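Peer 1: quick one: sequence plus predicted model below, questions after.
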Amino acid sequence: MGNGDTRVRGIAARAGGWSARHRWAAVGIWVLFVVLAMGLGSAAGRVDVKDSDQMGGETHTAARIVEDAGIDEPASETVLIQARDGKLTATDAEFRSAVTAVVAAVEGTGEVTGVTSPYDARTISKDGHSALVQFDMRGEADTAGERVEPVLKAVEGVQKDHGSLRIEEIGGASMMKTFDDAFGDDFQKAEYSAVPVALGILLVAFGALVAALVPVALAITAIMATMGLMGLVSHFQPMSDTANSVMLLVGLAVGVDYCLFYLRREREERAAGRDAQTALRIAAATSGRAIVVSGVTVCVAMAGMLFTGIAEFEAMGLASLMVVAVAMVGSVTVLPALLSLLGERVEKGRVPFLGRRRPKGTQEGSRFWTAVLRRVLARPVLASVVAVGALLAVAAPAVGMKTQNLTLDQEFGDSLPLVQTYNRVNDAFPGGSDPAEVVVKADDINAPEVRAALADFRERAVSSGASRGPVDITMHDEQNIALVYVPLVGGSDQDKAGESLVKLRDEVRPATLGKVDGVEAPITGQVAGNKDFNDQLVGSVVPVFVFVVVFAFLLMLLSFRSLTVAITSIVLNLLSVGAAYGILVAVFQHGWGASLVGAEGVGAIVTWLPLFLFVILFGLSMDYHVFVVSRIREARLRGRTTREAIQHGVVTTAGVVTSAAVIMVAVFAIFGTLSMQSMKQMGVGLAAAVLIDATVIRGVLLPAVMALLGERNWYLPKWLHRLPDLTHDESPEPVAPAVRDDEGERVGV
């Protein structure tokens, strides 16, 4: 084909054309945008999600009451003193000596307040072999982990002098410090590793250093700009560190992918004999359009998280949406300018034997996928049945999915001494390390009827079987608030502790505090927070699912003007998500192959993950789907038969889809190596889903289904012809006569 004039329509094509003609202006505007976003974001500062906004239900109400009252609850710490051989009891002189030493040691640090002896607070286990010394850290709870080290060392010193006893500290501050020391660098290592991994894979894919650096550079600048925008937006929608990590993960994945799609198409057109200007124009109108359609679809999917009503999810959704939008805009604006500036220099820094450009006039394609496609298209029914059967088999374990907020030992295993201390405290004092907290607010907290109700609540909490005590009450007279701490029967057993919580909320409270007019008594704490979070999450599943599926369907319908393409895209993506769920359940819940990823004994999927994975995967899956189907449709419009178009579209996109998938799988797999089981589950789930999506779904099932449907792939009922035409097809080659379906619209443009 020659380099004749081409018809250019659509936002992506026009943006690419302007960018190529005004190269320095486009690059300058992008750099200015990134610098301004970062500068303004830094100046504005970031507002993080408050604890009171993290949860819903009673947990949220309780946090609001405490926050509005200006009560700063300190970080509480506990020292467990326990007989190692089960012989010493709290009444023995040696035991008493150890308790006295612990009290003196922690008070001597000057970092604590409110130290209570187990003999005064009655924190001695029923068997008499364990006791708790309790105290609070001075200063703000959020930074207590930075000040707890002298206290920990003081307790260690007492332990050295009392070998027959186990003397261990646990609490909010010590947990904070331990986790920061053990896992604080995990995320940074993952984030720092992701970029070199992506660069290495791109280097193999392109065989040239400059070509590999361009996608990484654009992805990184998109992430930098989004970080700045997050600071500005956080004043309307608070952000968080988790949202920042998810944004980086998604931004690197889609940013590199979008540039990869664009750059590969431009190289392909140049290899086919077109001059640089025409190749860039075709890439802008084809891959550029696919990037816009994909980006908008991913943004819609990410927006689904805004419907959860959970502040952390809303932050993650908005941050992900922004980085996808920024990466999409950068890919269709500054990337054409860079390619126009670089010209042939994009091939600089070539790596021997890697990514050699093909002779002019030849089309790039994958020999492996050509062989696979030949067999799939020869027997599409068999290929469809086998692929669907395999995906359903992989997804089958998801039917029995058990979700819960992971306990400390599930999240971190027994590798940390702190986890063992946590279990020992819970065994000796069920619920003592994570008590329920009743926030009682009254017009006059010292009124006789309120005092009587508090005393009645304390008594009934134990007599009802919800708690074994002791039930402690802290009065805040000035604020007219009382905080009641109730150790729940069940301890670290979430199911049993949940039953105790229900007794408190539904039986004990109504019969006591609930009878006093004007009294509010929401119940919070870890167990209550887990329950309220689960309830809110379950309630948001349907609206999020409906929003994402319906809007993705409409976008595909408008972008391809085919009812069939819209329906099949939704079905195939749901199969991909289902398979990812099945792998998660098989590995982390049933333990099949758990030792390979260090997930032995978890037994459940963390509550927030299924909905999070659905939104993320549904969006990212559209990347490949839009790119492949766009190429198939383009080939069909050029006059090829549907079967030839499928062969051409899948084979010519196989290289870029494979490279993009390998990058995503590698980046997500890094998160699968982290120590926290929740992060490990997220990484494994995302990596497995992308791998399945790029191979079984796009390489086998999609072409098989499209081959079976034939011309019905392009079917659009007559009553839908009035829909806006957002196709904006690029036709650099002569278009064959239109093929009209009896019931639908013509295929050609």
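Peer 2: Done, it's in. Numbers count the residues shown, from 1 in each chain.
Peer 1: contacts and neighbour counts: CA atoms only from here.
Peer 2: Fine.
Peer 1: what stretches of the stretch 251-400 of the chain score poorly on pLDDT?
Peer 2: Low-confidence segments of the stretch 251-400 of the chain, defined by pLDDT under 70: 353-366.
Peer 1: let's go with 50 and repeat that
Peer 2: The model of the stretch 251-400 of the chain has pLDDT under 50 over residues 357-364.
Peer 1: lowest-pLDDT helix or strand in the chain?
Peer 2: One helix or strand of the chain scores below all others by mean pLDDT, DSSP states H and E: helix 51-54, with a mean of 66.
Peer 1: tell me the helix or strand right after it.
Peer 2: Next helix or strand after helix 51-54 toward the C-terminus (DSSP states H and E): helix 57-68.
Peer 1: show me what that following helix packs onto, helices and strands only.
Peer 2: helix 51-54, strand 436-441, strand 523-524, helix 526-560 (3 or more CA pairs under 8 Å, 6 or more residues apart in numbering; DSSP states H and E).
Peer 1: over to G110: give its phi and psi.
Peer 2: As for G110, its main-chain torsions (degrees, to the nearest 10) stand at phi 70, psi 10.
Peer 1: elements contacting the helix or strand where L280 lies?
Peer 2: L280 is located in helix 276-303, with elements delineated by DSSP H and E. With contacts taken as 3+ CA pairs under 8 Å, 6+ apart, helix 276-303 sits against helix 11-21, helix 241-271, helix 311-342, helix 526-560, helix 609-637.
Peer 1: and the angle from that helix to helix 11-21?
Peer 2: In terms of direction (axes from the mean of the first three to the mean of the last three CA atoms, to 10 degrees), helix 276-303 departs from helix 11-21 by 130 degrees.
Peer 1: so where's this structure shaky on pLDDT?
Peer 2: For the chain, the ranges with pLDDT under 50 are 1-8, 357-364, 729-749.
Peer 1: roughly how far apart are the spatially most distant residue from the centre of it and V99?
Peer 2: The C-alpha centroid of the chain is most remote from A93, which lies 53.1 Å away (CA atoms, centre = their mean). In this structure, A93 and V99 are 10 Å apart, going by CA to CA, to the nearest Å.
Peer 1: and A635, by the same measure?
Peer 2: 80 Å.
Peer 1: now swap in V696 and tell me
Peer 2: For V696 relative to V99 (CA to CA), the value is 63 Å.
Peer 1: more neighbours: these two, which one.
Peer 2: Set V696 next to V99 and count neighbours by other CA atoms under 10 Å: V99 wins out with 24 against 16.
Peer 1: secondary structure element for that one, which one?
Peer 2: V99 belongs to helix 93-108 when elements are defined using DSSP H and E.
Peer 1: now the angle between helix 93-108 and the helix or strand just after that helix, please.
Peer 2: Following helix 93-108 in sequence order, the next helix or strand is strand 112-116 (DSSP H and E). Angle of strand 112-116 versus helix 93-108, following the same axes, to 10 degrees, is 160 degrees.
Peer 1: now do the helix or strand just after strand 112-116: which elements does it pack against?
Peer 2: Moving toward the C-terminus from strand 112-116, the next helix or strand (DSSP H and E) is helix 118-121. Packing contacts for helix 118-121, counted by 3+ CA pairs under 8 Å, 6+ apart, involve strand 130-137.
Peer 1: dump the strand it packs on to CSV, restricted to CA.
Peer 2: C-alpha atoms of strand 130-137 as CSV (Å, rounded to 0.1, in the frame of the first residue of the first chain):
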residue,chain,number,x,y,z
SER,A,130,-1.8,-15.2,83.9
ALA,A,131,-2.1,-11.5,84.7
LEU,A,132,-2.2,-8.2,82.7
VAL,A,133,-0.5,-4.9,83.6
GLN,A,134,-2.3,-2.2,81.6
PHE,A,135,-1.3,1.4,80.8
ASP,A,136,-1.6,4.1,78.1
MET,A,137,1.0,5.7,76.0
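Peer 1: what about that strand, distance to the chain center?
Peer 2: From the chain centre to the centre of strand 130-137 is a distance of 36 Å (CA atoms, centre = their mean, to the nearest Å).
Peer 1: and for stretch 661-672?
Peer 2: 14 Å.
Peer 1: and the contacts of it?
Peer 2: Contact with stretch 661-672 is made by 187, 190, 193-194, 197-198, 201-202, 249, 253, 597, 679-684, 686-688, 690-691, 694, as judged by CA atoms under 8 Å, 6 or more residues apart in numbering.
Peer 1: buried set for that stretch?
Peer 2: A661, V662, I663, M664, V665, A666, V667, F668, A669, I670, F671, G672 (16 or more other CA atoms under 10 Å).
Peer 1: stretch 382-390 too?
Peer 2: A383, S384, A387, V388.
Peer 1: and the next helix or strand past the helix or strand containing the first one?
Peer 2: Assigning secondary structure by DSSP H and E places A383 in helix 380-395. Next in sequence after helix 380-395, counting helices and strands by DSSP H and E, comes strand 403-404.
Peer 1: related to what we said a few turns ago, for S463, find the nearest of the helices and strands packed on helix 276-303.
Peer 2: helix 526-560 (20.2 Å; CA to CA).
Peer 1: for the first helix or strand past that closest one going along the chain, packing partners?
Peer 2: Downstream of helix 526-560, the next assigned helix or strand under DSSP H and E is helix 563-584. Other helices and strands packing on helix 563-584, by 3+ CA pairs under 8 Å, 6+ apart, are helix 380-395, helix 526-560, helix 609-637, helix 677-692.
Peer 1: looking at those helices, which is closest to D409?
Peer 2: Of all the helices and strands packed on helix 563-584, helix 677-692 comes closest under CA to CA, at 10.0 Å.
Peer 1: wait, which of the buried residues of stretch 382-390 is closest to L720?
Peer 2: Distances from L720 to these, taken by CA to CA, are shortest for S384, at 28.8 Å.
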